[in-house]
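A predicted structure for the sequence below; I have some questions about it.
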Amino acid sequence: METFYYIIGGILLLALVIAAFRFFQGPTAPDRVIALDAMSIILTAGLVMLALVFQRFIYIDVALIYSILGFMGIVSIARWMEKGI
């Protein structure tokens, strides 16, 4: 089972690197916002994986709060980009 966690961790790390590359190299602002949203989702999945690995299920609560705050942040950035705030 430990090998499974290493594989999933590696996949999440690779996805985070790809999203970070798009965030820093994105030619437009919407590309950067989408990359930031993707990084937020990947980090939430990482927190859930840590909860499973360490069997500390309080991390799932932290992941839920982090995902809600990330969603609210992305929505506010999207509204600001459309000049709706």
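It's in.

how many other residues sit next to Asp37?
Here the count is done by other CB atoms under 10 Å, and Asp37 has 19 residues near it. Using the backbone N, CA and C atoms, a C-beta is placed for each residue, glycine as well.

doesn't Ile74 make contact with it?
Yes - taking contact to mean CB atoms under 8 Å, the distance of 4.8 Å between Asp37 and Ile74 places them in contact.

which element follows the helix or strand where Ile41 lies toward the C-terminus?
With elements taken from DSSP states H and E, the one containing Ile41 is helix 29-54. Counting by DSSP H and E, the element after helix 29-54 in chain order, helix or strand, is helix 58-81.

Point out where the protein drops to low pLDDT.
For the chain, applying pLDDT under 70 flags the ranges 84-85.

So which residue is dead centre in the protein?
The geometric centre of the chain, computed from its C-alpha atoms, lies nearest to Ser40 (CA atoms, centre = their mean), at 2.0 Å.

Can you give me every residue that contacts that residue?
Taking CB atoms under 8 Å, 6 or more residues apart in numbering as the definition of contact, the neighbours of Ser40 are 66-67, 70-71, 73-74.

how close does it get to Ile74?
Spatial separation of Ser40 from Ile74 under the definition CB to CB, to the nearest Å is 7 Å.

returning to what we had before: turn the contacts of Ser40 into a markdown table, columns for distance to Ile8 and neighbour count.
Converted to a markdown table, those look like this (distance: CB to CB, whole Å; neighbours: other CB atoms under 10 Å):
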| residue | distance to Ile8 | neighbour count |
| --- | --- | --- |
| Tyr66 | 18 | 15 |
| Ser67 | 18 | 17 |
| Gly70 | 20 | 17 |
| Phe71 | 23 | 14 |
| Gly73 | 26 | 14 |
| Ile74 | 24 | 16 |
